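Visitor: Here's a sequence, model it:
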Amino acid sequence: MPRVAAPPPLANANGNGSGWEPVGPIMSEPRFSQSLERGLAILSCFTPARPVLGIADLASELGMSRSTTHRYVITLARLGYLVQGARRKYSLALGVTDLGIATMSATDLREHAHFYLQELCARTGFTVSLSTLDGPEVMLVDRMRGARRAQRLIDLGHTPGSRLPVHCTAAGKLLLADLPDQLQREWLGDLQLVKHGPKTIKSKTALREELRRIHDESLAVADEELAPDMLAIAAPVRSSTRETIAAASMTAHSSTITLDELIDALGPHLISTADRISARLGYRRDDERVGG
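Guide: Residues are numbered from 1 along each chain as shown. Below you'll find the predicted structure:
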């Protein structure tokens, strides 16, 4: 698992190990979050040489009390960044892997995908994008507008780097659908279903049902959920570890194609493109792993 970059050096505040403060100029920064630093400091203690640590180990290394350390460790475990194993010790969990993947150079991911997206855009005339989760939003890593008429009407000024809501975009819903169950529940618990388009999903119950369907079918749909007349479909891009790390999507204006046509006629082409990108990232299907 990737190692989280270490925060600034720590020092005991009172010399007895019951508390600490950051040292250096950052102490004077009024917006500095000491709680966030503590959480990152705990994650930074886990290394390839020391993959499993207990509360006592972490408290000793960081100069914090055991009760304070335990409180932060429990929080990190509930958020999916630590997992408890045998003898009440902890190791890094999938949440940290997700962070490592999310912070993988967007340029590298774009370079792997750009040719295939460009080819799909040219062949279909519709707008195509590549997106990843970025906090509570989905971020466009790459995007190219199709040449068909009316595509500019649904462009909305989106460019690589733009961030969009997860609950009303095909890419966002697909990425949510493939999160581990516990992490997905936590995301949905905090999610605000703000209305953006005429058919934005307004109920978390309905959204959960939609996410289950997307997970089963590996294809997400957004029918005028982000904006009027905007139709979109999205397919998963997977890594060598078989995790969904991005979504390839296609967007069309409703005056040029129906949603059923978009799904039936172009869905297979989008899935094929996403699979080709995944292969570039080292993903192999089960049938390709036989004997490998």
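Visitor: This structure: helices as residue ranges?
Guide: 34-44, 55-62, 66-78, 94-102, 106-124, 170-177, 181-190, 204-217, 259-261, 267-280, 286-289 (DSSP state H).
Visitor: how about the ones you listed, which one is nearest Arg88?
Guide: helix 55-62 (7.6 Å; CB to CB). Every residue, glycine included, has its C-beta placed from N, CA and C.
Visitor: Excluding covalently adjacent residues, which one is nearest to Ile271?
Guide: Distance criterion CB to CB, 6 or more residues apart in numbering; nearest residue to Ile271, sequence neighbours excluded, is Ala235 at 4.6 Å.
Visitor: Just send the helices of the chain back as JSON lines, with mean pLDDT too.
Guide: Output for the helices of the chain, formatted as JSON lines (pLDDT from 0 to 100):
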{"stretch": "helix 34-44", "mean pLDDT": "88"}
{"stretch": "helix 55-62", "mean pLDDT": "94"}
{"stretch": "helix 66-78", "mean pLDDT": "92"}
{"stretch": "helix 94-102", "mean pLDDT": "61"}
{"stretch": "helix 106-124", "mean pLDDT": "88"}
{"stretch": "helix 170-177", "mean pLDDT": "96"}
{"stretch": "helix 181-190", "mean pLDDT": "84"}
{"stretch": "helix 204-217", "mean pLDDT": "95"}
{"stretch": "helix 259-261", "mean pLDDT": "96"}
{"stretch": "helix 267-280", "mean pLDDT": "95"}
{"stretch": "helix 286-289", "mean pLDDT": "58"}
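Visitor: Export those as a markdown table, with columns for distance to Pro228 and mean neighbour count.
Guide: Below are these laid out as a markdown table (distance: least, CB to CB, whole Å; neighbours: other CB atoms under 10 Å):
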| stretch | distance to Pro228 | mean neighbour count |
| --- | --- | --- |
| helix 34-44 | 39 | 17 |
| helix 55-62 | 52 | 17 |
| helix 66-78 | 39 | 16 |
| helix 94-102 | 31 | 18 |
| helix 106-124 | 22 | 17 |
| helix 170-177 | 16 | 27 |
| helix 181-190 | 26 | 13 |
| helix 204-217 | 20 | 15 |
| helix 259-261 | 14 | 13 |
| helix 267-280 | 22 | 19 |
| helix 286-289 | 41 | 8 |
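Visitor: can you redo those as JSON lines with distance to Asp134?
Guide: Formatted as JSON lines, these follow (distance: least, CB to CB, whole Å):
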{"stretch": "helix 34-44", "distance to Asp134": "17"}
{"stretch": "helix 55-62", "distance to Asp134": "28"}
{"stretch": "helix 66-78", "distance to Asp134": "20"}
{"stretch": "helix 94-102", "distance to Asp134": "7"}
{"stretch": "helix 106-124", "distance to Asp134": "10"}
{"stretch": "helix 170-177", "distance to Asp134": "10"}
{"stretch": "helix 181-190", "distance to Asp134": "13"}
{"stretch": "helix 204-217", "distance to Asp134": "18"}
{"stretch": "helix 259-261", "distance to Asp134": "27"}
{"stretch": "helix 267-280", "distance to Asp134": "18"}
{"stretch": "helix 286-289", "distance to Asp134": "30"}
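Visitor: The spatially most central residue of the chain and Met144, how far apart?
Guide: Nearest to the mean C-alpha position of the chain, counting by CA atoms, centre = their mean, stands Leu133 at 3.0 Å. As judged by CB to CB, to the nearest Å, Leu133 and Met144 stand 21 Å apart.
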